[in-house]
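Colleague: Got a predicted structure here, sequence first:
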Amino acid sequence: MRRFRIQRRQPGFVLAEARHGGYLVGYASGMPLRPSTSWWQNLTAQLPTEVTVEHPGRTFALLDLLVRAPWRRQGIGQALHDLILANRAEERATVAVVPAAAPAQGAFRKWGWRKIARRHDNDPGSPASDVLIATLPKQGPLAVRSFPERSRGVREERQDAERLATGDTGRGDHCEDPDRR
């Protein structure tokens with residue numbers, strides 16, 4: 001939760017959520033990388049400087065993409081992915097995915113992402129992550145996508161993110177921290 005409180009205050013932070021009625025079924029969050037980012041540190045192999053150097057407007061980091069298990073395989077994850085990346089000004093996007101998360105790895109490949117590196121987190125016991133990258137399309141009109149009946153749509157949230165961070169879904173259960181994929 002501490003990570004989320006810091007991220008939500010960063011310039012350009014965005015949050016998209018999927019709800020069924022008032023019930024949170026999924027969300028995605030991200031933000032532009034700063035020139036001083038640590039994103040490209042702790043890689044298992046060195047990448048060329050032209051890949052890792054950042055400047056304003058270069059890279060958007062997709063930090064979280066989570067859909068509750070009963071709601072998966074209905075297009076909600078792709079809808080959240082498409083919504084949060086729609087009309088981004090950045091040239092490219094990056095995401096870190098645990099190699100053992102085969103469904104997520106497959107989905108990102110299907111959506112046009114490619115692996116460029118692997119990194120280890122500084123936290124003891126944290127799993128390695130594959131660093132994926134995708135070129136973002138030039139800005140254009142926001143595409144509207146239809147959703148399965150159960151999802152009732154996806155909407156972008158830029159405020160009231162604190163309730164999401166605490167896992168309060170309004171139904172007495174909670175979201176697990178998707179800090180590690």
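Modeller: Cool, the structure landed. Numbering: from 1, shown residues only.
Colleague: okay, and for the chain, where does confidence drop off?
Modeller: Applying pLDDT under 70 to the chain flags residues 1-9, 139-181.
Colleague: partner residues bridging residue 29?
Modeller: residue 15, residue 64 (DSSP bridges).
Colleague: got a list of what it touches?
Modeller: Residue 29 makes contact with 4, 7, 13-16, 62-64, 84 under the criterion Cβ atoms under 8 Å, 6 or more residues apart in numbering. Every C-beta, even on glycine, is put in place using the N, C-alpha and C of the backbone.
Colleague: How about residue 119?
Modeller: Neighbouring residues of residue 119 by Cβ under 8 Å, 6+ apart: 41-44, 96, 128-129, 131.
Colleague: now the contacts of residue 29 as a markdown table including distance to residue 73 and neighbour count?
Modeller: Formatted as a markdown table, the contacts of residue 29 follow (distance: Cβ to Cβ, whole Å; neighbours: other Cβ atoms under 10 Å):
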| residue | distance to residue 73 | neighbour count |
| --- | --- | --- |
| 4 | 26 | 21 |
| 7 | 28 | 18 |
| 13 | 28 | 17 |
| 14 | 25 | 21 |
| 15 | 23 | 23 |
| 16 | 19 | 23 |
| 62 | 20 | 23 |
| 63 | 23 | 22 |
| 64 | 19 | 20 |
| 84 | 19 | 23 |
